[in-house]
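[1] predicted model and sequence below, questions to follow.
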Amino acid sequence: MRRQLHTDVGRHRSESSLLLATWNIRDFDANKFGHGRRLPESLHYIAEIISAFDLVAIQEVNRDLRGLHKVMGLLGGAWDYIVTDTTEGRSGNEERMAFVYDRRKVLFRNLAGEIVLPRPHKIVVPRGGTVAETDEDELQFARTPFVVAFQAGWFKFNLCTVHIYYGADYGDRLQRRISEIGKLAQFFDRRQRKEKEDYVLLGDFNIVSPAHATMQSLEAEGFVIPEHLKREKTNLKGDKHYDQIALKVREKRLEVGASGVLQFEKSVFRNNDFTAYFDQMPADKRDHHYRGSKQGQPRTEREQREYYRDEWRTWQLSDHLPMWVELKVDFTNDYLKSLMPGRTPLAD
């Protein structure tokens with residue numbers, strides 16, 4: 001794992017850059033679906049992955065914060081976190097969102113909040129739609145977006161993490177997903193026009209594909225996704241574009257460097273590690289089908305291996321892969337040039 005982290009991410013680390021990541025850590029850390037709590041080994045892997053970056057947005061943090069606290073203990077005293085309260089309601093799924101950051105590289109600017117849409121800009125669903133109980137067919141976000149002000153190097157920015165409503169791939173539920181993304185992008189577009197701040201949106205947008213309306217809703221308001229990231233598939237199965245990092249910045253000196261998706265399954269919980277974890281899996285789910293037409297029937301060895309690959313290990317690490325980007329945040333040369341006669345200093 002450490003070798004892969006150095007090769008894929010660590011070689012881009014420097015004092016002049018910020019390594020920013022987003023990771024949906026599946027149901028972190030609960031056992032509501034009965035696949036077993038995360039092993040101590042898994043929590044160490046999660047901490048190791050987070051430590052490769054400077055600032056990580058995490059989605060699906062559970063009401064029970066013991067797992068997060070254990071990971072913070074493994075990261076050490078230089079690391080800190082900010083976490084939301086849980087989002088209530090069926091769609092909220094009792095989830096929290098969090099930012100975990102290295103205080104040696106990142107400064108919390110003492111501003112944090114959850115996004116609530118004003119009445120004229122609420123999410124609209126078709127009248128009589130079946131997606132939820134609504135207030136005159138108008139909704140807030142299923143899981144409230146969380147925005148925090150940070151500074152890294154010279155770059156001051158507002159970072160908003162999201163876990164957009166999924167619903168379904170058709171009908172009212174898909175329209176709600178598209179609307180959530182669009183309303184969020186519009187909110188920050190209006191905010192930027194007033195306050196001239198820089199914004200980064202990141203998290204699980206449940207994007208269908210780069211050409212789909214879910215992506216178009218995000219980009220329509222001027223948010224820019226690094227082209228390489230836009231093409232990356234971010235789930236463990238390698239067939240979805242759910243997670244994204246989108247920038248809407250006025251700071252012209254900011255440069256985007258390397259970026260990517262960390263495929264941790266190349267190093268840990270690999271496909272061929274089934275035998276090593278056989279006894280760690282819950283026997284009832286490992287040995288018998290627990291849903292569908294085969295419910296209660298014994299699994300074949302092939303089906304046991306499928307359970308390990310497609311289900312159990314996703315509750316040990318995640319069914320999402322961490323997505324990351326390098327932002328070059330050292331504007332010292334530009335500042336020194338601005339001190340020359342006849343120029344306006346960039347800062348006092």
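    In hand now; what should we look at? Numbering: from 1, shown residues only.
[2] C-alpha only now, for contacts and for neighbours.
    Will do.
[3] for the stretch 51-200 of the chain, what spans make up the helices?
    Under the criterion DSSP state H, counting those that start in this stretch, the stretch 51-200 of the chain carries helices at the ranges 66-75, 171-195.
[4] could these be laid out in JSON lines, adding mean neighbour count, distance to Ser14 and mean pLDDT?
    Output for the helices of the stretch 51-200 of the chain, formatted as JSON lines (neighbours: other C-alpha atoms under 10 Å; distance: least, C-alpha to C-alpha, whole Å; pLDDT from 0 to 100):
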{"stretch": "helix 66-75", "mean neighbour count": "16", "distance to Ser14": "19", "mean pLDDT": "98"}
{"stretch": "helix 171-195", "mean neighbour count": "19", "distance to Ser14": "29", "mean pLDDT": "93"}
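[5] can you redo those as CSV with distance to Val100?
    Converted to CSV, these look like this (distance: least, C-alpha to C-alpha, whole Å):
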stretch, distance to Val100
helix 66-75, 8
helix 171-195, 22
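[6] closest one to Asp85 among those helices?
    Of all those, it is helix 66-75 that lies closest to Asp85, at 13.7 Å by C-alpha to C-alpha.
[7] by contact count, what packs against the closest one?
    Under the contact criterion of 3 or more C-alpha pairs under 8 Å, 6 or more residues apart in numbering; DSSP states H and E, helix 66-75 touches helix 40-51.
[8] and for the helix it packs on, what's in contact with it?
    Under the criterion C-alpha atoms under 8 Å, 6 or more residues apart in numbering, residues Met1, Arg2, Leu5, Val56, Gly67, Lys70, Val71, Met72, Leu74, Leu75, Gln316, Leu317 lie in contact with helix 40-51.
[9] for it, what is the average pLDDT?
    Helix 40-51 shows a mean pLDDT of 99.
[10] do stretch 240-250 as well
    On average, the pLDDT along stretch 240-250 is 97.
[11] go through it and flag the buried ones.
    Lys240, His241, Tyr242, Asp243, Gln244, Ile245, Ala246, Leu247, Lys248, Val249 (16 or more other C-alpha atoms under 10 Å).
[12] check stretch 249-269 too.
    Val249, Leu254, Ala258, Ser259, Gly260, Val261, Leu262, Gln263, Phe264, Phe269.
[13] repeat for stretch 303-314
    Gln304, Arg305, Glu306, Tyr307, Tyr308, Arg309, Glu311, Trp312, Arg313, Thr314.
[14] ditto for stretch 219-238
    Using 16+ other C-alpha under 10 Å as the test for burial, stretch 219-238 gives 219, 221, 223-226, 229-230, 232-236.
[15] of all those residues, which two lie farthest apart?
    Glu221 and Leu236 (29.5 Å).
[16] for the buried residues of stretch 303-314, give me CSV that also has secondary structure, distance to Lys294 and pLDDT.
    Output for the buried residues of stretch 303-314, formatted as CSV (DSSP: H, G, I helix; E, B strand; the rest coil; distance: C-alpha to C-alpha, whole Å; pLDDT from 0 to 100):
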residue, secondary structure, distance to Lys294, pLDDT
Gln304, helix, 13, 98
Arg305, helix, 16, 98
Glu306, helix, 14, 98
Tyr307, helix, 14, 98
Tyr308, helix, 17, 98
Arg309, helix, 19, 98
Glu311, helix, 16, 98
Trp312, helix, 18, 98
Arg313, helix, 22, 98
Thr314, helix, 22, 98
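[17] quick check: the farthest pair among the residues you listed?
    Maximum pairwise distance among the buried residues of stretch 303-314 (C-alpha to C-alpha): 14.5 Å, between Gln304 and Thr314.
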